[in-house]
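Peer 1: 3D model of this:
(one chain, ligands or ions: 1)
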Amino acid sequence: MDKLLIEGGVPLRGEAGISGAKNAALPILCAALLAREPLTLTNVPKLNDVGTMLKLLAQMGVKVSRDGATVTLDAAELNNPVAPYELVKTMRASILVLGPLTARAGEARVSLPGGCAIGARPVDQHIKGLTAMGAEVNVEHGYVHAKVTRLKGARLFTDMVTVTGTENLMMAACLADGETVIENAAREPEVVDLANCLVSMGAQISGAGSDVIRIRGVDRLHGTTHRIMPDRIETGTYLCAAAASGGAVRLTGTSTSYLDAVIDKLMDAGCEIQGERDAINLKAPQQLQAVSLRTSPYPAFPTDMQAQFMALNTIADGTAIIRETIFENRFMHAVELIRLGANIKIDGNTAVVKGVAKLDGATVMATDLRASASLVIAGLVAQGETLIERIYHLDRGYERLEQKLLALGARVRRVK
Ligand code: UD1
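Peer 2: Numbering: from 1, shown residues only. This next block holds a predicted model:
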C-alpha cells in the first residue's frame, strides 16, 4: 500500500490549479443514466472515486469513453440495473445510481453502502422519497430493490438535510409523472451544478440552491455537454495547507464563490485573502490565531473542511472549540494529530484544540478522505519527517496531490 513521506517545515509558495469537484462529478456522472443520448462532461477530476463510478455505470451497460478530463457517457442501453456490493462498499456515493436508475429503467438493485468510518450514514431518506413517488422499495439480502412502472411526482420532505439524498430524488423526479417538491433540500453548490446539468438535458427544475426544489417531470431527457464546477473542498484544503505552513499561494481554476464560511475563518485566523474571477490568493500571517467552528449544511461551515481546520488550529495561538454536527464519528484524525504533538481533547462531538508551538514528524495512519488531508497539512507543518500510511483515501478525492504540493515547494514523496 502506498504511503506519503513529507519533510515538514517548508512554507507553501507558488501556484497550483484546482480540479473539478468530486462531489459534483459523482452525481452528474449518474445523471447520464436518465438519457438515451450521450452526456459529455468536462473538467472531470481523475480520482479513484470517479473511476469506481465509471466502472459501476459501465457494468450497467453505459458506454464510457474518457479523454483526459473529458468523459462521455452513452446510456442508450441499460441491460443490468444492478450496483453490486464489491463496487458500492468502496464508495458510498454509489447510492446515487438508485434514483436515476429507478426512474429510467423502472427497476434498480443497489447494494446498501453499509457502515462507514465516519458514521452510520443510512440511506433511509433516499428510500422514503422514492417510496413516496410510488416505487415499491424493499431491502433484502443487503440490497435496496426498487421497482415501479413510472414514478409519480410527490411532495417530499427529508428528516435532515441530505446532499446525496436531495440529488438522488431530484434526478428521479426529472422523469416522474407530474410535479415533485423536495422540501428541506440540501443547498450545497454541487446540488446546483447537478441541477444545471439536468436542466441543460431538458429537465424542468426550479429552486436548486434553496431549501425547496420543484421538479416538473418530463418524458425524456436528451444529451448535453456540461463543465463540472471547481472543487471547493480541494480549494479549501490547499488554502489551509498554505495558511498552516506560513506560506503564500495562488490557486487557479477556482474562486471564492461557495467558500464564504471557509474564507471567513481563514481571515479570522489572520490570513490575507484576495479573490479574483478565476483564482484565489492567500498570504499566511506570522502567527495563526485559533478559530472555533461548528459544522452545518451549506452555506454554513462544511464538515468536509473540519479536519483540515483542526490541523491548522494545532499550531495556532489560543484555543479552538470545534463542533461536528453532521457525522457522529468524524474526529479520527485527532488521535493521529496527537501523535504529532497536538494538544486535542475530544468530548462527544466537540474537540478542544489548544495550539502548541510546534508539531514533530511521526508515522500516522490515514482513516478517511478528509482526515488524510488534515494529516498532510500537519505533516507539512511538523518538524522532520511524517510518514502517512494508507493514502489510498487521498487518491479517492485529491487529484495529483503530490504533484500539486511539489509545485508549491513542499518536500513530499510517494513511497510504494
Ligand atoms: C455528502 C458528501 C460528503 C459530505 C456530506 C455532508 C458527496 C458524494 N458526499 O455526503 O462529502 O461530507 O454530504 O456535507 O456529495 N442521513 C441519514 N439518512 C439518509 C441520508 C443521510 O440519516 O438517508 C444522515 C447522515 O448519516 C449524516 C447526515 O444525514 O449524518 C448528512 O448526510 P448526507 O448529506 O446525506 O451526506 P452524503 O450525501 O452521504
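Peer 1: for the helix or strand of the chain with the lowest mean pLDDT, buried residues please.
Peer 2: Sorting the helices and strands of the chain by mean pLDDT, DSSP states H and E puts helix 85-88 at the bottom, at a mean of 88. Neighbour counts over helix 85-88 (16 or more other CB atoms under 10 Å) mark 85, 87, 88 as buried. All C-beta atoms are positioned from the backbone trio N, CA, C, and that covers glycine.
Peer 1: can you add distance to the ligand and give the residues you listed back as TSV?
Peer 2: Output for the buried residues of helix 85-88, formatted as TSV (distance: CB to the nearest ligand atom, whole Å):
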residue	distance to the ligand
85	18
87	15
88	13
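Peer 1: just to revisit the earlier point, what about the following helix or strand past the least confident helix or strand of the chain, average pLDDT?
Peer 2: Later in the chain than helix 85-88, the nearest helix or strand by DSSP states H and E is helix 98-105. Mean pLDDT, computed over helix 98-105, is 97.
Peer 1: helix 98-105: how far from the chain's middle?
Peer 2: On the basis of CA atoms, centre = their mean, to the nearest Å, helix 98-105 sits 22 Å off its chain's mean C-alpha point.
Peer 1: neighbouring strands of the helix or strand following that helix in the sheet, and parallel or not?
Peer 2: Where DSSP H and E defines the elements, the next helix or strand beyond helix 98-105 is strand 107-111. Paired neighbours of strand 107-111 in the sheet (DSSP bridges): strand 82-83 (parallel), strand 143-147 (antiparallel).
Peer 1: quick one: the longest one to helix 98-105, angle?
Peer 2: It stands for strand 143-147. Counting by axes from the mean of the first three to the mean of the last three CA atoms, to 10 degrees, strand 143-147 lies at 40 degrees to helix 98-105.
Peer 1: mind listing what's buried along strand 143-147?
Peer 2: The neighbour-count check on strand 143-147 (16+ other CB under 10 Å) flags 143, 144, 145, 146 as buried.
Peer 1: out of those, which are close to the ligand?
Peer 2: For the ligand, no contacts are drawn from the buried residues of strand 143-147 by CB under 6 Å from any ligand atom.
Peer 1: just these now: which is nearest residue 265?
Peer 2: residue 144 (37.6 Å; CB to CB).
Peer 1: that closest one: what's it in contact with?
Peer 2: Residues in contact with residue 144 (CB atoms under 8 Å, 6 or more residues apart in numbering) are 95, 98, 108, 109, 110, 111, 112, 123, 126, 127, 137, 138.
Peer 1: again, 10 Å this time
Peer 2: Contact analysis of residue 144 by CB atoms under 10 Å, 6 or more residues apart in numbering lists 83, 88, 95, 98, 102, 108-113, 123, 126-127, 130, 137-138.
Peer 1: and if you look at residue 317?
Peer 2: 269, 270, 285, 287, 288, 289, 290, 355, 357.
Peer 1: from the residues you listed, which would you call buried?
Peer 2: Buried by 16+ other CB under 10 Å: 269, 270, 288, 290, 355, out of these.
Peer 1: so what's the third one up against?
Peer 2: When the contact criterion is CB under 10 Å, 6+ apart, the partners of residue 288 are 243-244, 246, 266, 268-271, 312-318, 355, 381.
Peer 1: just say helix, strand or coil for residue 225.
Peer 2: Look at residue 225: counting by DSSP: H, G, I helix; E, B strand; the rest coil, its state is strand.
Peer 1: beta partners of residue 282?
Peer 2: Residue 282 forms beta bridges with residue 249, residue 273, as assigned by DSSP bridges.
Peer 1: could you say what helices and strands the least confident helix or strand of the chain packs with?
Peer 2: If contacts are counted by 3 or more CB pairs under 10 Å, 6 or more residues apart in numbering; DSSP states H and E, helix 85-88 sits against helix 48-58, strand 107-111, strand 143-147.
Peer 1: for the longest one, packing partners?
Peer 2: Here helix 48-58 is seen to pack against helix 22-31, strand 63-67, strand 70-74, strand 82-83, helix 85-88, helix 392-397 when contacts are counted using 3+ CB pairs under 10 Å, 6+ apart.
Peer 1: quick check: which of the ones you listed is buried the most?
Peer 2: Most buried of the helices and strands packed on helix 48-58 by mean neighbour count (mean count of other CB atoms under 10 Å) is helix 22-31; its value is a mean of 27.
Peer 1: next secondary structure after it?
Peer 2: Next along from helix 22-31, by DSSP H and E: strand 39-42.
Peer 1: who touches that following strand?
Peer 2: With contact meaning CB under 10 Å, 6+ apart, strand 39-42 is reached by 20, 24-25, 28-29, 31-33, 50, 62, 65-75, 197, 200-201, 221-228.
Peer 1: now with 6 Å, please.
Peer 2: Residues from elsewhere that reach strand 39-42 (CB atoms under 6 Å, 6 or more residues apart in numbering): 32, 70, 71, 72, 73, 223, 225, 226, 227.
Peer 1: do the same with stretch 153-164
Peer 2: By CB under 6 Å, 6+ apart, the surrounding residues in contact with stretch 153-164 are 96, 125, 129, 132-133, 165, 169, 176, 178-184, 186, 188, 217, 297.
Peer 1: which ones among the residues you listed map onto helices?
Peer 2: When DSSP state H is applied, these are split such that 125, 129, 132, 165, 169 fall in helices.
Peer 1: for residue 392, see how far away the residue lying closest to residue 415 once chain neighbours are set aside is.
Peer 2: Once flanking residues are discounted, residue 415 sits nearest to residue 3: 4.5 Å by CB to CB, 6 or more residues apart in numbering. Separation of residue 3 from residue 392 (CB to CB, to the nearest Å): 10 Å.
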